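J.: A structural model of the following input is requested.
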Amino acid sequence: MSWNTIQQLIRIVGYAVGAYFFGEGVAEGELFQQAIGGLVGVAAFVWWMLKERSSATLRSIGPVLLVLALSACQPSTDQPPDARYEHYLACLAYTSALEKVAVWNDLGKFNEAQLAELRRIEAATTPLCMTETPTLAGADLIMQATASLEALLLTLVTGGIA
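T.: Residues are numbered from 1 along each chain as shown. Below is the predicted model of the structure:
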């Protein structure tokens, strides 16, 4: 069974469930179809993470993804909405940069000094993503760490010509 077949099955089941619970008109709507497409994208990412990635990557990135998913679902009454939103976006960018780092690390492309810098950035930033009280200042620190990771990757990819 190919991924295209699985994707079609997810779409068919999604439309059937949507039509049953929300009615035919909603299931045929553009917004609902985009939501099903998003579901397919998330399913593809989860499948890739579980099937293709090493267990070390899952151990390092898995908790961050879990916290992001849980924090998106939990309402917060003591923080302004913009702080939660900025924090969520910053952690999402950071997680994406960590995934890129993991790919290059699996290929053995980092030297010891770069690995030490990566560990320092990760040790300082991952707890910020796992906080229960996001702030704009914390989001700024996470984005700075993400920029540092991206700069390190750019230097690695270009061979030091940046």
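
J.: C-alpha from now on. contacts and neighbour counts both.
T.: Fine.

J.: domains of this structure?
T.: 1-52, 54-162 (automatic domain parsing).

J.: please work out which of those is packed deepest.
T.: domain 54-162 (a mean of 16; mean count of other Cα atoms under 10 Å).

J.: now do it, average pLDDT.
T.: Domain 54-162 carries an average pLDDT of 76.

J.: residue 84 contacts residue 134, correct?
T.: Yes: counting by Cα atoms under 8 Å, a contact exists between residue 84 and residue 134, whose distance comes to 5.8 Å.

J.: where do the strands of this protein begin and end?
T.: Taking DSSP state E to define them, one finds no strands in the chain.

J.: quick one: the helices in it, in order.
T.: For the chain, applying DSSP state H gives helices covering 3-22, 24-27, 30-52, 55-73, 81-106, 112-129, 136-158.

J.: quick check: angle from the third one to helix 81-106?
T.: Here the directions of helix 30-52 and helix 81-106 differ by 30 degrees (axes from the mean of the first three to the mean of the last three Cα atoms, to 10 degrees).

J.: which other helices and strands does helix 30-52 contact?
T.: Helix 30-52 sits against helix 3-22, with contacts defined as 3 or more Cα pairs under 8 Å, 6 or more residues apart in numbering; DSSP states H and E.

J.: how much distance is there from the helix it packs on to the middle of the chain?
T.: 24 Å (Cα atoms, centre = their mean, to the nearest Å).
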